[in-house]
Every structure is written in C-alpha cells, then in structure tokens.
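Novice: Sequence and predicted structure are below.
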Amino acid sequence: MSNKRALLTVTLLVVLPLFLLSCATTGPGGKQSFILIPTGQEVAIGAGMAEQVEQQEKVFADTIWQNYLNNVGQKIAVVCDRKDIEYHFKVIESDQINAFAAPGGYIYFYTGLLREMENEAEMAAVMAHEISHVVGRHGIKRLQTTLGVAAAYQLVFGEEGASDVLNVAIGIGMNLMFADYSRDNEREADEYGIHYMVQAGYHPDGAIGMFEKLAALGGGGEHNVFEKLASTHPATQERIRNAKTQIAGMQPLPADVTLGEAKYRQMLGRIPAKK
Ligand SMILES: [Zn+2]
C-alpha cells in the first residue's frame, strides 16, 4: 500500500465514525451525548417492543385510567429535555409492582405498582424517572452496546437485511427490558426525574414517598418490585439520601406544587383488587 493510500484509509477510518455519531441533548441544562442509533430507528425498535408487550400483557380496559396516566405523562413530557419523539403511556392490568420504559418513549405502568402509590405525585415520580431514562437514551445505549457496532451500523444504513437487524434489536430489547440499568444511569434518572416532576407542578416529597414505600415492600420473593428497590439493597438508602439532598437544594419550591391526593384516592378505587 502506498503511503498516500494508507493515509487515506486511516483518514477514512478516523473520520467516518464521527459522521455517523450524532450529538443529542440527553439531559437538563443542555447536556449532550453522542448517539449512534438515530431517533427514527430508536422509535421503530420501541414500537416493535410495545407491540410485543401489548400482545403478552393485558392492557387495562379502563379508558379513565388510561387517560389519567397519559395526562400525567404528557405534563412531564412537555417539560423534559427530549422533544423529538412522541410519548406513549399505558396501564397494564397485572399485580406486578413495576413500571418500565422501552426506547423511543413507550412507557408502561402495572396496576400492581399504581395500587401501592398514595398520591399523584408518587406516581409522577415514577413517571418522571422513566421519562428520564428515555431522555438520557439509557435504553437505546444499552441496546447499542449489546447489539454491537456492526449490527448498529447496519441499522443506521438501513440497507437490505436491515429489517432482520431491526427484529434482532427488538428481540434483544425485550430481553433487556427488565435488566438493571447501571448505577450511573439510575442516579441520572433519579436526578432528572425530581427536576422534571417539580417543573410539571408536583411536590418532590412524592419522590421520597415513592422510594420509601417501594423499599419497605422489599424486592425478594415472587414480587418483581420496581427497579428492584429492596430494603436490603444498600443503593436504595443512598438514592433516598441523594433525593433529599437534591430537594433541599431546590428550596424554595414553587408555591403551586401539589401532591394530588384527592384525585388519586378516587382513581385508586377503580383499580381491581389484588388476585
Ligand atoms: Zn430506573
């Protein structure tokens, strides 16, 4: 290989990936990250995952609850730092104490978790945490890592075979759905979440109430407790401490933040009894 050609090859190898990476806002204050899989593909993967979730799980047949969850979700989505996607919120009828976000803005809540919450602000705290995983691109980054760069490139270029890659990505996404995020991702989602819920008009005490309730439930046994918050898990106490510190730094809070107790109590009456 001539020196010239070698130089050209090296240049291409170094420069090409930079063109493929795009810079995206992934947090409050204009925080930026490099993302390989573009938003369109992320949404396609999330939509495919949502389709499978809704085939496997029972979507709660109560439009009043579905609208209520959606209203709270959209209130937080409006103030969050990611506006390039549509957010979708759905309640699943199941006693599991859980909630999760698929990439691209598809967020699900189980009635088992909603039943444990005492006011709208506690539900909003979970909601804002899940939205923050989407804003931080935590799910798609984790998927990108598992897929590997080669498959991710194929997704980006969308050439023949790309739909196979898309299906593989959806399958891997389903397997990763209940896997733990890294501690850094959790810390980030907790922090952004408290910030967003207050901007949306909720009292941040809802976040403390939510953490403490779920910690008291424990994560062991048959329960699949949200984000594996268990009283034995040392990280939980750390998360509560961090939340308290963050809230202390937000004083004075806006005067109109609410817990939304009356409305939530009314909505709790619509959730079927535990089986
Ligand atoms: Zn989380």
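Specialist: Ah, there it is.
Novice: does residue 109 sit in a helix, a strand or a coil?
Specialist: strand (DSSP: H, G, I helix; E, B strand; the rest coil).
Novice: Surely it is in contact with residue 90?
Specialist: Yes. Between residue 109 and residue 90 there is a contact at 7.4 Å, judged by Cβ atoms under 8 Å. No exception for glycine: its C-beta is placed from N, CA and C like everyone else's.
Novice: what's the overlap in contacts for those two?
Specialist: Common neighbours of residue 109 and residue 90 (criterion: Cβ atoms under 8 Å, 6 or more residues apart in numbering): residue 69.
Novice: and the gap between residue 148 and the ion?
Specialist: Using Cβ to the ion, to the nearest Å, we find residue 148 at a distance of 24 Å from the ion.
Novice: Could you count how many residues lie near that residue?
Specialist: The number of residues packed near residue 148 is 10, by other Cβ atoms under 10 Å.
Novice: ok, back up a step: more neighbours: which of residue 109 and residue 90?
Specialist: residue 109 (26 against 19).
Novice: where does that one sit relative to residue 274, distance-wise?
Specialist: Here residue 109 is placed at a distance of 16 Å from residue 274 (Cβ to Cβ, to the nearest Å).
Novice: residues contacting the closest residue to residue 104 other than its chain neighbours?
Specialist: Closest residue to residue 104 apart from its sequence neighbours, by Cβ to Cβ, 6 or more residues apart in numbering: residue 46 at 2.7 Å. By Cβ under 8 Å, 6+ apart, the contact set of residue 46 is 102, 103, 104, 105, 106, 173.
Novice: Strands of the chain, start to end?
Specialist: Under the criterion DSSP state E, strands of the chain are mapped to 22-27, 31-35, 88-92, 99-102, 106-110.
Novice: how about those in CSV, adding distance to the ion?
Specialist: Below are the strands of the chain laid out as CSV (distance: least, Cβ to the ion, whole Å):
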stretch, distance to the ion
strand 22-27, 14
strand 31-35, 17
strand 88-92, 16
strand 99-102, 8
strand 106-110, 12
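Novice: okay if I get those as a markdown table plus mean pLDDT?
Specialist: Below are the strands of the chain laid out as a markdown table (pLDDT from 0 to 100):
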| stretch | mean pLDDT |
| --- | --- |
| strand 22-27 | 81 |
| strand 31-35 | 80 |
| strand 88-92 | 98 |
| strand 99-102 | 92 |
| strand 106-110 | 96 |
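Novice: Make CSV out of those and add distance to residue 3.
Specialist: Formatted as CSV, the strands of the chain follow (distance: least, Cβ to Cβ, whole Å):
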stretch, distance to residue 3
strand 22-27, 33
strand 31-35, 31
strand 88-92, 55
strand 99-102, 49
strand 106-110, 51
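Novice: among these, which is nearest residue 61?
Specialist: In terms of Cβ to Cβ, the element of the strands of the chain nearest to residue 61 is strand 88-92, at 9.6 Å.
Novice: Show me what the closest one is packed up against.
Specialist: helix 39-56, helix 63-79, strand 106-110, helix 111-114 (3 or more Cβ pairs under 8 Å, 6 or more residues apart in numbering; DSSP states H and E).
Novice: chain center to the shortest one: distance?
Specialist: It stands for helix 111-114. 17 Å (Cα atoms, centre = their mean, to the nearest Å).
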